[in-house]
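Engineer: here's my sequence, what's the structure:
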Amino acid sequence: MTFFNFFKHSLFLVSFYAFFITAPVHAQTNDEKQRLEAFFQDLESFTKVFSNIKQLYVDEVTNKELFEDAIKGMVTGLDPHSNYLKPKEQKVLIESASGKFGGLGIVIDMKDDAIQVISPIDDTPAYRAGIQAGDLIVKIGDKPVRDMTLEDGVELMRGKPGTDIQITIVRKDKKPFVVDITREIITITSVKGYLLEKDIGYIRISSFQNPSANLLKATLDDLVEENDGYLESLVLDLRNNPGGVLEGAVDIANLFIDKKGLVVYTEGRIPSSNLKFKTEPGDVMLGSPIVVLINEGSASASEIVAGALQDHKRAIVMGSTSFGKGSVQTIIELDEGYGLKVTTARYYTPNGRSIQAKGIVPDIELKNISLEKEKEKSVLGDTKESDLNGHLEVEDPSKLSAEEIITAQEDKKSEVAKQVIKNLKKDYFVHEATNLLKALTILGK
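Structural biologist: Numbers count the residues shown, from 1 in each chain. Sure, this is the predicted structure:
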């Protein structure tokens with residue numbers, strides 16, 4: 001559409017409006033007339049700005065560019081999660097949803113003039129580099145983040161696996177520092193489990209996907225087998241879990257709730273946005289005590305699970321107040337590969353608590369302290385494969401038989417598990433959860 005045609009179109013609308021308000025349409029109320037009048041005044045303002053930019057801007061810009069920028073500004077002005085997606089951005093979003101992509105392994109959002117880390121994804125380059133929830137990324141490579149869109153930041157951080165990138169981080173009470181990270185193919189393993197000690201299980205959910213509930217059940221079965229009997233209690237770790245698929249979260253919550261009611265419900269302006277997700281009685285832990293761990297990196301679907309188990313009094317929630325991302329985004333495919341991601345509803349816990357901008361407040365609040373004098377380490381610590389018994393040497397693996405390779409891999413897996421459990425026991429949140437579960441188990445006997 002040329003500018004001339006656009007301007008003619010606007011004049012036509014104004015002329016149509018002038019005719020419309022003078023016509024004897026009895027069904028039209030004064031309020032409706034005022035709304036229409038305000039609409040066309042705003043349209044006239046838009047047309048004037050458009051015209052001035054076309055005539056006066058230092059560089060020539062196309063109508064398509066101006067309209068795209070106008071639409072994007074209109075959508076992103078709604079809230080931090082709504083966006084108008086160009087074809088490349090739409091492709092990136094679809095790629096992310098597939099659960100496999102080349103990048104660093106962090107979930108991010110915009111905060112003022114910086115990109116905020118909501119949480120690192122387990123076992124990814126960002127996780128191993130020590131990136132933490134709440135970190136602010138102020139520079140990607142040599143490019144400042146200021147005036148950069150979230151999509152620009154995602155595009156810069158993603159890339160070919162094996163390539164390096166530097167990001168500059170600002171962390172509370174620390175001077176800005178640079179982190180070197182090597183990109184990898186990010187494949188998310190959403191559920192992991194360990195036997196902390198006899199009768200006490202630990203399950204970590206890093207994100208919610210459609211198969212997550214089945215993975216959790218399988219993981220729980222493995223822990224029961226390893227324990228030589230049913231677990232008496234469970235730590236469910238949702239820290240730094242950025243969310244994921246709503247249905248996955250509902251299925252996970254339903255594994256532990258054994259009474260009728262709601263897991264979560266949503267409310268929006270249109271009927272299709274008003275949904276209720278009901279419980280399906282059947283508790284895989286048969287009423288045994290559960291502690292759910294959350295922190296400021298727990299968002300969206302993880303807040304749904306924590307809120308549901310808390311409202312149904314099925315679990316004790318420990319940690320720090322969660323992120324507070326309680327809104328529902330709908331993805332709409334548009335023509336020519338464009339897309340619209342728009343917020344259409346808010347989440348509410350079974351008792352009617354809004355998660356949005358409030359988060360889930362834990363039953364027992366914990367400060368993020370370390371049980372060790374040295375600097376806190378990640379769950380995997382600084383352990384490298386070469387430090388583990390049974391690791392494969394650099395030599396040509398073809399010299400080993402299939403049985404030797406399998407045995408070495410199993411030994412390595414066992415050593416990694418031992419190291420993870422050792423580090424978990426040094427984790428203050430897990431330590432406190434374990435002590436509480438022991439007390440609850442004793443009281444319940």
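Engineer: the longest helix in the chain is where?
Structural biologist: helix 30-56 (DSSP state H).
Engineer: ok, which stretches of the stretch 151-300 of the chain are helices?
Structural biologist: For the stretch 151-300 of the chain, applying DSSP state H, counting those that start in this stretch gives helices covering 212-227, 246-254.
Engineer: for Thr441, find the nearest of those helices.
Structural biologist: Nearest to Thr441 among the helices of the stretch 151-300 of the chain is helix 212-227 (13.6 Å), distances taken as CB to CB. Backbone N, C-alpha and C define where each C-beta goes, glycine included.
Engineer: show the average pLDDT along stretch 253-261.
Structural biologist: On average, the pLDDT along stretch 253-261 is 96.
Engineer: got the buried residues for that stretch?
Structural biologist: Buried residues in stretch 253-261, counted by 16 or more other CB atoms under 10 Å: 253-258.
Engineer: CA atoms only for that stretch, dumped as PDB, please.
Structural biologist: Below are the C-alpha coordinates for stretch 253-261, written out as PDB (Å, rounded to 0.1, in the frame of the first residue of the first chain):
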ATOM      1  CA  ALA A 253       0.200 -32.100  39.900                       C
ATOM      2  CA  ASN A 254      -2.500 -34.800  39.300                       C
ATOM      3  CA  LEU A 255       0.100 -37.500  40.100                       C
ATOM      4  CA  PHE A 256       0.000 -36.300  43.800                       C
ATOM      5  CA  ILE A 257      -3.500 -35.000  44.400                       C
ATOM      6  CA  ASP A 258      -6.100 -37.500  45.600                       C
ATOM      7  CA  LYS A 259      -9.300 -35.500  45.900                       C
ATOM      8  CA  LYS A 260     -11.700 -33.700  43.700                       C
ATOM      9  CA  GLY A 261     -11.200 -30.100  42.800                       C
END
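Engineer: residues making contact with that stretch?
Structural biologist: For stretch 253-261, contacts defined as CB atoms under 8 Å, 6 or more residues apart in numbering pick out 213, 216-217, 263-264, 278-285, 287, 290, 304-305, 308-309, 312, 314-315, 350.
Engineer: could you list the low-pLDDT ranges of the stretch 301-445 of the chain?
Structural biologist: For the stretch 301-445 of the chain, applying pLDDT under 70 flags the ranges 370-413, 445.
Engineer: tell me where it has helices.
Structural biologist: Along the stretch 301-445 of the chain, counting by DSSP H, counting those that start in this stretch, helices occupy 301-311, 402-425, 428-444.
Engineer: what sits against Pro281?
Structural biologist: 257-260.
Engineer: switch to 7 Å and redo it
Structural biologist: By CB atoms under 7 Å, 6 or more residues apart in numbering, Pro281 lies in contact with 258-260.
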